[in-house]
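Novice: how would this look folded up:
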Amino acid sequence: MRGTRLFVVSLAGMSVSAAVLMLLIPSLFHADEQPSFWGLGVLACLTVAFAVGARYWRPSTSRPGGRP
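Specialist: Model (predicted):
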């Protein structure tokens, strides 16, 4: 049960951080705005960390018939 909860939390965290990252990408191409490279870098690292966590805590699936 703990692994499933961690999987859901990491999946939700990855979704939110990736969505915010995608919303901030256009600010890199506007000449009048100062992009925050630290903020984008932190969000990118968070997205990757949550993706690794989701991959690590992924629930095991077993097919009928005993094959993994």
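Novice: ok, which stretches of this structure are helices?
Specialist: For the chain, the helices defined by DSSP state H cover 2-24, 37-56.
Novice: show the contacting residues for the most centrally placed residue in the chain.
Specialist: Nearest to the mean C-alpha position of the chain, counting by CA atoms, centre = their mean, stands residue 14 at 2.1 Å. Shown in contact with residue 14 (CB atoms under 8 Å, 6 or more residues apart in numbering): 47, 50, 51, 53, 54. In short, each C-beta sits where N, CA and C put it, glycine included.
Novice: now it: how far from residue 46?
Specialist: Distance of residue 14 to residue 46, computed by CB to CB, to the nearest Å: 8 Å.
Novice: same question, residue 59
Specialist: Taken as CB to CB, the span from residue 59 to residue 46 is 22 Å.
Novice: of the two, give the one with the bigger neighbour count.
Specialist: Taking neighbours as other CB atoms under 10 Å, residue 59 and residue 46 compare with residue 46 leading, 17 against 8.
Novice: what sits against the residue nearest to that one when sequence neighbours are not counted?
Specialist: Of all residues beyond its chain neighbours, the one nearest residue 46 is residue 17 (4.4 Å), with distances taken as CB to CB, 6 or more residues apart in numbering. By CB under 8 Å, 6+ apart, residue 17 lies in contact with 43, 46, 47, 50.
Novice: nearest to residue 5 among the residues you listed?
Specialist: Set against residue 5, the nearest of the contacts of residue 17 by CB to CB is residue 50 (14.2 Å).
Novice: report pLDDT for the closest one.
Specialist: Reported pLDDT at residue 50 in the predicted model: 95.
Novice: residue contacts, it?
Specialist: Contacts of residue 50 by CB under 8 Å, 6+ apart are 10, 11, 13, 14, 17.
Novice: got it, and residue 36?
Specialist: residue 24.
Novice: how about residue 32?
Specialist: Residue 32 neighbours (CB under 8 Å, 6+ apart): none.
Novice: hey, C-alpha coordinates of stretch 13-28 in CSV?
Specialist: Output in CSV follows, covering the C-alpha atoms of stretch 13-28 (Å, rounded to 0.1, in the frame of the first residue of the first chain):
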residue,chain,number,x,y,z
GLY,A,13,4.2,15.8,-8.5
MET,A,14,5.6,15.1,-11.9
SER,A,15,2.4,16.2,-13.6
VAL,A,16,2.3,19.5,-11.7
SER,A,17,5.9,20.4,-12.0
ALA,A,18,6.0,19.5,-15.7
ALA,A,19,2.9,21.6,-16.3
VAL,A,20,4.4,24.6,-14.5
LEU,A,21,7.6,24.1,-16.4
MET,A,22,5.8,24.1,-19.7
LEU,A,23,4.0,27.3,-18.8
LEU,A,24,7.3,29.0,-18.0
ILE,A,25,9.1,28.0,-21.2
PRO,A,26,7.6,30.8,-23.4
SER,A,27,9.1,33.4,-21.0
LEU,A,28,12.5,32.5,-22.4
